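Chemist: the sequence and its predicted three-dimensional model are supplied below.
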Protein chains: 2
Amino acid sequence: MTLFPLYLAICAVPAAAGVLFKPGSWYRDLDKPDWTPPDRLFPVIWAVLYVLMSLAAARVALQPGNELALGLWSLQITISTLWSAVFFGLHRIRAGAVIIALLWVAVLATALAFLRHDILAALMMVPYLAWGSFALALNISVMRRNPSRGHA
Amino acid sequence: MTLFPLYLAICAVPAAAGVLFKPGSWYRDLDKPDWTPPDRLFPVIWAVLYVLMSLAAARVALQPGNELALGLWSLQITISTLWSAVFFGLHRIRAGAVIIALLWVAVLATALAFLRHDILAALMMVPYLAWGSFALALNISVMRRNPSRGHA
């Protein structure tokens, strides 16, 4: 039995966080770098990443001794749920940067753990790691450009 | 290798959501039923539940064919992270009730899946299910008592 639908259902939770905690006027008014992607691109990128990470987890789920790998996957998806809420809900830019940094480490650990079981599953996590790196850079840039805001 | 520390680390994410999204004056001013527990009780209850659910997951992680059970555990902990943020962050009481109802179903499914592997692990999820039932009742009661607030 493939667990792909279950993993995709888990991804629906951070996706719901993204829908419930919208950018809004606070985000629009922040000083952001030129290389900030347009708002409409974010849900598209996340949709692709959710499908890839769910396919990867479903592949690893077929392997024996996968508990550590799937536990790390669980860690990263839970951290991912927290980020939208803290950044867009609380407007805490610095806390957001800390959470994305932890997310990045969790995604790297997941990809490395997947590599022990299945090369394709590990490769499917690479776009997520790349996006995580970009999102961390963006969050830090926004933090530096708006020194008086959201540093609680 | 026991994965108890990893599962407990995952529980730290919803715990962080609970710390970041505080009750505050909005919650204090809501009309709440007599049987609402005092604020200071919530973190104590959650700490006990986090330890129990992490011990349960660590036991199931030792069993073969546990992917569905651990996937459902992953689903419930992710939903749990969303609840605090939506209820205390967005003040959306009705959305909070929907999220707790989904959480309750996910916890029940996790407990039933654990039962196939390990009776003790399933029993360790029972207090969580009981608390989830209570929290759902509390959320619904608060929703009914405050018809003009937080129904977005």
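Modeler: Great, that's in hand. Numbers count the residues shown, from 1 in each chain, chains lettered A, B, ... in the order given.

Chemist: quick one: stretch A:73-89 to chain centroid distance?
Modeler: 7 Å (CA atoms, centre = their mean, to the nearest Å).

Chemist: same deal with stretch A:104-113?
Modeler: Using CA atoms, centre = their mean, the offset of stretch A:104-113 from its chain centre is 11 Å.

Chemist: ok, residues contacting the longest helix along chain A?
Modeler: Ranked by residue count, the top helix of chain A under DSSP state H comes out as helix A:93-115. Helix A:93-115 is contacted by residues A:56, A:60, A:68-69, A:72-73, A:75-76, A:79-80, A:82-83, A:86-87, A:121-122, A:124-126, A:128-129, A:132-133, A:135-136, A:139-140, A:142-143, A:146, A:149-152, B:20 when judged by CB atoms under 8 Å, 6 or more residues apart in numbering or on different chains. Any C-beta I mention is one placed from the backbone N, CA and C, and that applies to glycine too.

Chemist: could I have it exported to PDB, CA atoms only?
Modeler: Output of helix A:93-115 as PDB, limited to C-alpha atoms (Å, rounded to 0.1, in the frame of the first residue of the first chain):
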ATOM      1  CA  ILE A  93      10.500  38.300  11.400                       C
ATOM      2  CA  ARG A  94      13.500  37.200  13.500                       C
ATOM      3  CA  ALA A  95      11.600  34.300  15.000                       C
ATOM      4  CA  GLY A  96      10.600  33.400  11.500                       C
ATOM      5  CA  ALA A  97      14.300  33.300  10.400                       C
ATOM      6  CA  VAL A  98      15.200  31.000  13.400                       C
ATOM      7  CA  ILE A  99      12.300  28.700  12.400                       C
ATOM      8  CA  ILE A 100      13.300  28.600   8.800                       C
ATOM      9  CA  ALA A 101      16.900  27.900   9.800                       C
ATOM     10  CA  LEU A 102      15.700  24.900  11.900                       C
ATOM     11  CA  LEU A 103      13.500  23.900   9.000                       C
ATOM     12  CA  TRP A 104      16.500  23.900   6.700                       C
ATOM     13  CA  VAL A 105      18.500  21.700   9.100                       C
ATOM     14  CA  ALA A 106      15.500  19.300   9.400                       C
ATOM     15  CA  VAL A 107      15.100  19.100   5.600                       C
ATOM     16  CA  LEU A 108      18.800  18.400   5.100                       C
ATOM     17  CA  ALA A 109      18.700  15.700   7.800                       C
ATOM     18  CA  THR A 110      15.600  14.200   6.100                       C
ATOM     19  CA  ALA A 111      17.300  14.200   2.700                       C
ATOM     20  CA  LEU A 112      20.500  12.600   4.100                       C
ATOM     21  CA  ALA A 113      18.400   9.900   5.900                       C
ATOM     22  CA  PHE A 114      16.400   9.300   2.700                       C
ATOM     23  CA  LEU A 115      19.700   8.800   0.900                       C
END
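
Chemist: buried ones in that helix?
Modeler: A:93, A:95-97, A:99-100, A:102-104, A:106-111, A:113-114 (16 or more other CB atoms under 10 Å in any protein chain shown).

Chemist: was I right about residue A:145 contacting residue A:29?
Modeler: No - applying CB atoms under 8 Å, one finds residue A:145 not in contact with residue A:29, separated by 11.8 Å.

Chemist: give me the angle between the strand or helix carrying residue A:70 and helix A:93-115.
Modeler: Of the helices and strands defined by DSSP states H and E, residue A:70 is found in helix A:67-84. Angle of helix A:67-84 versus helix A:93-115, following axes from the mean of the first three to the mean of the last three CA atoms, to 10 degrees, is 160 degrees.
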